[in-house]
Structures are given as C-alpha cells and as structure tokens.
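Chemist: sharing a sequence plus its predicted fold:
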Amino acid sequence: MAQGVMVFAEVAHGELSAIAKEMLGTGRRLADALGEPLQAAVVGKGVGDAAQEAIYHGADVAYTAENDALAQYQTMSYTDAMETVVKQIEPNILLVGMSDNGRDLGPRLAFRLHTGMASDCVNLTINADSKLMEATRPVSGGNATATVVIENARPQMATVRGKTSEPAVRDDSRSGSVEAIAVEIDAASLTTTVVERVKAESEGVRLEDADIVISGGRGFKGPDDFHSILEPCAKTLNGAVGASRAAVDEGWVPTQMQVGLTGKIVSPKLYIACAISGAAQHMAGCGYSKTIVAVNRDPDAPIYQRANIGVVGDYTKIIPAFHKKVAELLQ
Amino acid sequence: MNIIVTIKQVPDPEAPKESFRIDAENKLILNPANVEPVMNGYDENALEAALQIKADVGGQITVMCMGGTSASRALKQALAMGADEAILLNDKAFENADATSTAYVLSEAIKKVESYDLILCGRQASDWDLAQVPSGIAEYLRLPSVTAVQKVEAQDGGVRAERLLEDGYEVVDLPTPCLVTVSNETNSPRYPTLKGIMQAGKKKIPTWDLGELGADAARVGSAGALTTISKLEIPTFDSKCEFIEGDTPEEMGVKLALRLRELKII
C-alpha cells in the first residue's frame, strides 16, 4: 500500500531551494496528520549536502537520485528520475513546488505515473475521515476556489504555489537516513538542448525578495510614470517596482516585472498598488502580502475589497507627496 | 512546418467580475449571462505563434477543440484568423473531463492527423487554470516539450523556444515533432479580417466523436477522470479597508506615509 508523503526537494545551485523548504514544511504537517513518514526526493548531480539539509528541514528519509544527465533541469530526464524514485518508494502523496522547473515537471510526471494532480494549490489538508488529501486551489484567475481530491490513483499529487506556506525550520539535531536510488537516464530520450540561459537585467532589490513592492497598472497610460514616480519611491523605501499584466501586455514594462497568476508571486510586508483595479489575476500574485495599500481613482475598484489601506485619488499626485514625506521620515 | 493548435472555449475572462457565476452543486464554472464564450486567451497566443511560423516557413495549421457543439464558435474564429482546418472533438462521453481524460482525447485525435511537426497549446486555460493538458498530450504521444514560452520559431528543421524563468529565460532547441506551450508574452493575437471571416464561414468543421477516434470509452470524460472536485465556491474577503481622508491628493499622500510609520510598516 502506498505510504508516506514525498516532496520533490528541488536543488538550486547545489543547495536545497527555498521552495523545497516550503514543501518540507507542508509535507511534515500532512505526514504528521497521517502518521506516515516524510520523504524527500533529491534529484540532480552532487546533491548529498542538499539531502542532509532536507533531513534537517523535517524529512525522515531523503532519497537521492544522481546522474550526470541530471546536472541541469530537463523535462525528460527529471521525469525519468522521479518516475524511478516514485515507483520504487510508492508514496501516498507527492508534492512539487511551483518553481520554474516544478510547474513544468509536475504535470508531466503525473501523466507518466498515471495519477491525478491538483495544480497550483494554496492549501493542503488531510480529511480526518477519508484520510485523503484535500487540495485547495484558485480557479478562473482566483474568482473561485476549488477543493480537489484524488480517490483512486496514487500518489495523490499536487503542485503548490510558492510563498503560500511556512517553510520548515532548520533543526540540525534531527536525524534521518539518506539513501541513494540508482537512476538510469536513457540518453536517446534527451533530445532537447538548452542553448543558453539569459538573465534579465534588473537593478536594485529583486521583486520576489523585496520587503516593499510598489506596482503600477493600466491607469498609467504609458511607461513614463514607472520611471519618474514609482522607481524613485521604491528606491527610497529600498523596495522594488512591479506591474499588473495589463501594463506588461501594453509593452510599458518588461515581463519580469509582472505580479500575478502567470507572473511573480510576491508576499512583501507592504504592497502598494497604484492604478490597479484588483483583478483576480493580479491579486493571485500579491494577495498574501502582509499589508496592501491601494491607490485608485475609482472608489468602487475591486482592489479596495482586498486592501488594508485605501487612498482614493490620483496616484500622480498622491505618490510623489507620499514619497517626499517618507524620505523625511526615513532620514 | 505542419502545426496542430489545441484550443478551448472558455467563459470570457474580461466579463465584469460581478457576472462571474458558478454551479456549486455540480462544481461547474458557468458562462456569464449575455456574455458570449471566447477562445481561451493563451490559445489565441498559440494560434498567433502558429500563423507567424507559417508565414515564415509555410505549412498547414490544424486547430482542434474538445467541447460542446457551441465550441465551433471558437473554431470559426481560429479559421477566420487564418487556420487552414478545424476539427471539433465532441461526444456526450467527453463531458465532465478532467486534465487526464482531456489530454487522452486530444492525443488520440492528434494521432489521426497524418503528419505534424509541432503542437502548440496555450500555457493554461483561463477557466480552470490547470496547465496540465499540454504536458499530458506530450506524454501520451512521447514527445519532447517545453512549457510557458515567450517565443517560439522554426529553425533548421527543428524548433527554438524561449522558456520563461523567474529571472530571465532559457533558449531551448527541440527536434520535431514536439510540443510547446505559449504564454501571453509571446505576441498580440491578430483580429480576424472581414475576408477571413467570410472564408471561415464557408469552411466545414468536421466533428470527431468517440467512435471516430476509436478511443477507449473508459478513459474519456468523467469515466477517465482521476481527480474529483469536492467543493467549488466563490471566496469572500473581509473588506476592512481603512481609507485615508484628505482635502487634496497631496495631503492624502502625506497622511499615508504618517499612518504607515505609525503602524511601524515603514
């Protein structure tokens, strides 16, 4: 019988990734609710240290799947490796974090394993009676919420949205076993080639790391106010500038600045949304911010239903005055 | 380069938020009253990418849609935008499918197409936001795939795609046949021309049903689904928004700074 909660413990630059720690935190909670072990699947090349870190972050056992062909993420090789691990260990539940690689791997792996998967979940619990995982996920860009269960296939799979759960706390007094699982990668299946990785140019604080984010949307009517109004304010606050999908689709700002369902998911201490209506698609990317400030001319804008603090008016006048005062206060 | 584009007809995501409706009992997302359903936006991006590749290197574009008979609307739009052929996958047995059974039907239909080099799909459908079906098609057909790209083009007998990453992108070369899913960053889909609409009106859209596909009835629709939706609801939020008052916007800006300082947020 399928047993255990397995987490795809993604390794980034040789280290256990931030999202893997979140998955281990969630996985630990589910494993305890079921009274089953928490298993980490650590795939890559030279991942021994990361496997030990997974133990420190709550795993009872870490399975390493190492191979030269796994040095960098590729859909086929990672699906092959995870297929081998899952078929050998037969977990009851398998969690994959929605990183760049996780959102690509999760679905392909689910189909390979002939099991069902809930995508982009924001909450996972165990039903006390059925012992099934109940996966909660936003649908229709966040307009509705669905709860998904997988009754007749194993493992019950879910991909989990980043920054929606508390990461596991490191405890280096924890012990657990690290076991190697031999994986063979069929070189003939690796027909895709990553030619190059291109890093987007960005200055200052990274959007996803920033404690304060100030974003602009459709009401900006062009790129200028991003540079002349938001950027100086973000600089003073040691924050980052974001944008809604509307501003990206208009070509005013680069894709990497998009906050939302298909852009970046941020959860800063302070999120200031300027001239953003608050479409579900956007709120999916910032709804977990600690404090949301909305600045919008329309007092009926949906953003005010989600904001903690609202300022009804013209951002081109409000934000410069706000910025000037902030600069004074921070001196 | 012969291209297959899979599309879905969805409730219009641009419809006013107040018009959004669900059937909580039957776990369905409903079409808003008086708003016609549309082709999924990311699928429009996929079709536009196909049309641009065709303009570059030639070839044939076949569009497929699984859905009710009303979904022929979306297929007509695809033809009007410039697709060469459109096929509707429709059968009572296909209803209430999940990602698993949808991917199965689409992959069985694609197997019937004589020759193709590239399958283009939208990165996800805006109704259920699953982003699973394309990976399922690729897996069932054993094809290499790249998901969520900002660019895709034909190149030296293969395909080059730029996969979006959090802090940039990676350039990936794929052999044909392969599958690529397209994100909204890729392009701005064209509007159908009047001539295109006229020509599309004359084209026949064949319907393929379960029998035509020769597919396994146990793997389609609700019979083949592996996931169950146990609850569907519209979330409510406590609207406890504190409004900053003031006579001028400048005054409100200053007050906002003072309030955030008072709350120790800045």
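Modeler: Perfect, thanks for sending it.

Chemist: all contacts plus neighbour counts: C-alpha atoms, from now on.
Modeler: Fine.

Chemist: next, count neighbours for residue B:224.
Modeler: 22 (other C-alpha atoms under 10 Å in any protein chain shown).

Chemist: residue A:39 now?
Modeler: Taking other C-alpha under 10 Å as the neighbour definition, residue A:39 ends up with a count of 32.

Chemist: name whatever forms a beta bridge with it.
Modeler: The residues paired with residue A:39 through beta bridges, assigned by DSSP bridges, are residue A:6, residue A:61.

Chemist: can you check residue A:197 too?
Modeler: When bridges are taken as DSSP bridges, the partners of residue A:197 come out as residue B:170.

Chemist: pLDDT weak spots in the stretch 51-200 of chain B?
Modeler: Low-confidence segments of the stretch 51-200 of chain B, defined by pLDDT under 70, are absent; every residue clears the threshold.

Chemist: can you give me the helices for it?
Modeler: Along the stretch 51-200 of chain B, the stretches classed as helices by DSSP state H, counting those that start in this stretch are B:72-81, B:99-111, B:133-140, B:194-202.

Chemist: now the stretch 51-200 of chain A
Modeler: With DSSP H, counting those that start in this stretch, the ranges of helices along the stretch 51-200 of chain A come out as A:75-89, A:102-112.

Chemist: before we move on, the earlier item: buried deepest among the helices of the stretch 51-200 of chain B, which one?
Modeler: helix B:133-140 (a mean of 26; mean count of other C-alpha atoms under 10 Å in any protein chain shown).

Chemist: kindly report the domain assignment for chain B.
Modeler: The record's domain split for chain B, according to automatic domain parsing, is B:3-224, B:236-266.

Chemist: ok, back up a step: for residue B:204, find the nearest of the helices of the stretch 51-200 of chain A.
Modeler: helix A:102-112 (33.6 Å; C-alpha to C-alpha).

Chemist: wondering if that closest one reaches chain B at all.
Modeler: Yes. With C-alpha under 8 Å from any C-alpha of the partner chain as the threshold, helix A:102-112 lies in contact with chain B, specifically through A:104, A:107, A:108, A:111, A:112.

Chemist: residue B:158 bridge partners, please.
Modeler: Judged by DSSP bridges, the bridge partners of residue B:158 are residue B:155.

Chemist: can I assume it is in contact with residue B:176?
Modeler: Yes. Here residue B:158 lies in contact with residue B:176, judged by C-alpha atoms under 8 Å, at a distance of 5.4 Å.

Chemist: ok, the closest residue to residue B:191 other than its chain neighbours to chain A distance?
Modeler: In space, residue B:191 comes closest to residue B:81 once its chain neighbours are excluded; the distance is 6.5 Å by C-alpha to C-alpha, 6 or more residues apart in numbering or on different chains. Relative to chain A, residue B:81 is positioned 20 Å away (criterion: C-alpha to the nearest C-alpha, to the nearest Å).

Chemist: so residue B:81 is in contact with residue B:192, correct?
Modeler: Yes. Assessed by C-alpha under 8 Å, residue B:81 is found in contact with residue B:192 at 4.5 Å.

Chemist: for residue A:98, give me the pLDDT.
Modeler: Confidence per residue is given as pLDDT, and for residue A:98 that number is 94.

Chemist: that one: neighbour count?
Modeler: 23.

Chemist: cool, residue A:188 as well?
Modeler: Per other C-alpha under 10 Å, the neighbour tally for residue A:188 reads 6.

Chemist: list the contacts of it.
Modeler: With contact set as C-alpha atoms under 8 Å, 6 or more residues apart in numbering or on different chains, residue A:188 has no partners.

Chemist: distance of the residue nearest to residue A:268 when sequence neighbours are not counted relative to residue A:117?
Modeler: Spatial nearest neighbour of residue A:268, chain neighbours left out: residue A:211 (4.6 Å); criterion: C-alpha to C-alpha, 6+ apart. As defined by C-alpha to C-alpha, to the nearest Å, residue A:211 lies at a distance of 33 Å from residue A:117.

Chemist: try residue A:288
Modeler: From residue A:288 over to residue A:117 the distance is 24 Å, taken as C-alpha to C-alpha.

Chemist: between those two, which has more neighbouring residues?
Modeler: residue A:117 (31 against 17).

Chemist: and the nearest residue to the more buried one once chain neighbours are set aside, what does it touch?
Modeler: The shortest distance from residue A:117 to any residue that is not its chain neighbour, by C-alpha to C-alpha, 6+ apart, is 4.4 Å, and that residue is residue A:157. When the contact criterion is C-alpha under 8 Å, 6+ apart, the partners of residue A:157 are A:93, A:94, A:95, A:96, A:110, A:115, A:116, A:117, A:118.

Chemist: ok, what's across the strand from residue A:157?
Modeler: Beta-bridge pairing of residue A:157, defined through DSSP bridges, involves residue A:94, residue A:117.

Chemist: and the pLDDT at it?
Modeler: pLDDT recorded at residue A:157 is 98.

Chemist: for it, give its distance to residue A:114.
Modeler: For residue A:157, the distance to residue A:114 - C-alpha to C-alpha - is 11 Å.

Chemist: name the residues contacting each of those two.
Modeler: The contact lists of residue A:157 and residue A:114 share no entry, where a contact means C-alpha under 8 Å, 6+ apart.

Chemist: distance to residue A:163 for the domains of chain B - can I get that in JSON lines?
Modeler: As requested, the domains of chain B are arranged in JSON lines below (distance: least, C-alpha to C-alpha, whole Å):
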{"stretch": "domain B:3-224", "distance to residue A:163": "14"}
{"stretch": "domain B:236-266", "distance to residue A:163": "19"}
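
Chemist: buried deepest among the ones you listed, which one?
Modeler: When those are scored by mean count of other C-alpha under 10 Å, the highest mean neighbour count falls to domain B:3-224 (a mean of 20).

Chemist: residues touching residue A:11, list them.
Modeler: Contacts here follow C-alpha under 8 Å, 6+ apart; on that basis residue A:11 touches A:17, A:20, A:42, A:43, A:44, A:47, A:50.

Chemist: and the gap between the fourth one and chain B?
Modeler: Using C-alpha to the nearest C-alpha, one obtains 19 Å as the distance from residue A:43 to chain B.

Chemist: what strand or helix carries that residue?
Modeler: Here residue A:43 is covered by strand A:38-44, with elements defined by DSSP states H and E.

Chemist: likewise the last one?
Modeler: Taking DSSP H and E as the criterion, the element that holds residue A:50 is helix A:48-56.

Chemist: same thing with the second one?
Modeler: In the assignment (DSSP H and E), residue A:20 maps to helix A:18-34.

Chemist: give me the buried positions along stretch A:47-62.
Modeler: Neighbour counts over stretch A:47-62 (16 or more other C-alpha atoms under 10 Å in any protein chain shown) mark A:47-48, A:50-62 as buried.

Chemist: and the stretch 201-331 of chain A, which residues reach chain B?
Modeler: Selection of the stretch 201-331 of chain A residues close to chain B by C-alpha under 8 Å from any C-alpha yields A:237, A:249, A:255-256, A:264, A:269-270, A:304-314, A:317-326, A:329.

Chemist: in PyMOL, how would I select just the buried ones from those residues?
Modeler: To isolate the buried subset of these in PyMOL, counting by 16+ other C-alpha under 10 Å, use the following:
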select buried, chain A and resi 237+249+255+256+264+269+270+304+305+306+307+308+309+310+311+312+313+314+317+318+319+320+321+322+323+325+326
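
Chemist: show me the residues of the stretch 201-331 of chain A next to chain B that map onto helices.
Modeler: Under the assignment DSSP state H, these contribute A:249, A:317, A:318, A:319, A:320, A:321, A:322, A:323, A:324, A:325, A:326, A:329 to helices.

Chemist: residue contacts, the fifth one?
Modeler: For residue A:320, the residues meeting the contact criterion (C-alpha under 8 Å, 6+ apart) are A:229, A:233, B:250, B:253.
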